[in-house]
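**Student:** Provided below are the primary sequence and the corresponding predicted coordinates.
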Amino acid sequence: MKSGARRLLFLLLITAALAAISVFIGPVPTTSPVILWHVRLPRVLLAVLVGAGLAGAGTGFQGVLRNPLADPYILGTSSAAAAGVMTAAMLGVRHYAALYIFSLGFALLSIVIVTRIAGTNGRTPVQTLVLAGVIVSLFFNAAVFLFFSIFYRESFSILFYLLGTLTEGDPVLITISGSMVGAGLLVNWFFARELNLLTQGEEAAFHLGVDVERAKRILFIAASVMVAGSVAVAGMIGFVGLIVPHMMRLILGPDHRLLIPASALGGALFLIIADALARTLTPPLEIPVGALTALFGSPYFIFLLRKKQGAGEF
């Protein structure tokens, strides 16, 4: 545990250092206070919050489902939250509260649909949950692209949002998203013991005193809150919740008391680096940060899938 705490502290220091350096990285070198404080700093804060939220949600999903291939993007929570944001836009709702209510409402709706599809006799088998999540993901992705077709006049800005962007610098949005991500991470950490036991199997967790279905519901809601808070302000940034928890598990082990904060820090670090690359690879143009995370995440997903197939788990 002491070794894990030292590694966690080291990860925190690296993340803080790279966040500070990233403020000064851009397509044009500058020390202008206006650009540093009002453009780049909000981007770095968003990268920290969104990366932590998506990685924290991925840690929760992977722990509950006992599957390293699970993440908000693959299970449809991200696309559902994005569909909620676009529904609010289609209805002409612009208030901050409504934006997050629609995003969270659709994210929770996706979880309800998935558990309803997978549930049998009051239980939700893990394998069926994953398959149901993929189906729901396809449905909400279709809904998102339907909205994209409707809003063709604003197609570029909407496409940029759908591919993931950290350009939203509104302090109110950053504050609300940060509160949602922080609350979700605290709930995940509070249920670290339950997550540790659930990774041993639902039957084992039940016999060790865990109310399995209640724990799963709470952890699903916490993950949905983090995803909604992230997607509402940054769009669909995929694969952060897939890559980071798995890498942190390799470094720190499976204990969720360390894995949850480590994944949050690792997600922040990963997205800080991805955003810095998105700003500087093709100046003066900017690459959507979600496109870069997908370029990294897709091959890693294939690697994990092949690894599990080789182990006879699929």
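**Tutor:** Yes, it's here.
**Student:** quick one: least confident helix or strand in this protein?
**Tutor:** Least confident helix or strand of the chain, by mean pLDDT, DSSP states H and E, is helix 155-162 with a mean of 71.
**Student:** Which strands or helices does the helix or strand just after it pack on?
**Tutor:** Sequence-wise, the next helix or strand downstream of helix 155-162 (DSSP states H and E) is helix 171-190. Packing partners of helix 171-190 (3 or more Cβ pairs under 8 Å, 6 or more residues apart in numbering; DSSP states H and E): helix 41-65, helix 96-118, helix 212-234, helix 256-280. Placement of C-beta: from N, CA and C, glycine included.
**Student:** What helices and strands are in contact with the third one?
**Tutor:** Helix 212-234 sits against helix 41-65, helix 77-90, helix 96-118, helix 171-190, helix 192-198, helix 202-207, with contacts defined as 3+ Cβ pairs under 8 Å, 6+ apart.
**Student:** how much space is there between residue 130 and residue 294?
**Tutor:** For residue 130, the distance to residue 294 (Cβ to Cβ, to the nearest Å) stands at 20 Å.
**Student:** same check, this time on residue 288
**Tutor:** Going from residue 288 to residue 294 by Cβ to Cβ gives 9 Å.
**Student:** Next, residue 251: secondary structure please.
**Tutor:** Following DSSP: H, G, I helix; E, B strand; the rest coil, the label given to residue 251 is helix.
**Student:** got a list of what it touches?
**Tutor:** Applying Cβ atoms under 8 Å, 6 or more residues apart in numbering, one finds that residue 251 lies in contact with 7, 262.
**Student:** and if you look at residue 114?
**Tutor:** 75-76, 129, 132-133, 136.
**Student:** Residue 250 - how many residues pack around it?
**Tutor:** Residue 250 is flanked by 9 other residues according to other Cβ atoms under 10 Å.
**Student:** returning to that earlier point: among the helices and strands packed on helix 171-190, which is nearest residue 241?
**Tutor:** Shortest distance between residue 241 and these, using Cβ to Cβ, is found for helix 41-65: 2.4 Å.
**Student:** Give me the angle between that closest one and helix 256-280.
**Tutor:** Helix 41-65 runs at 140 degrees relative to helix 256-280, counting by axes from the mean of the first three to the mean of the last three Cα atoms, to 10 degrees.
**Student:** Next, the angle helix 171-190 makes with helix 41-65.
**Tutor:** Going by the same axes, to 10 degrees, helix 41-65 makes 30 degrees with helix 171-190.
**Student:** Return the set of buried residues in helix 41-65.
**Tutor:** Neighbour-count burial for helix 41-65 flags 41-65 (criterion: 16 or more other Cβ atoms under 10 Å).
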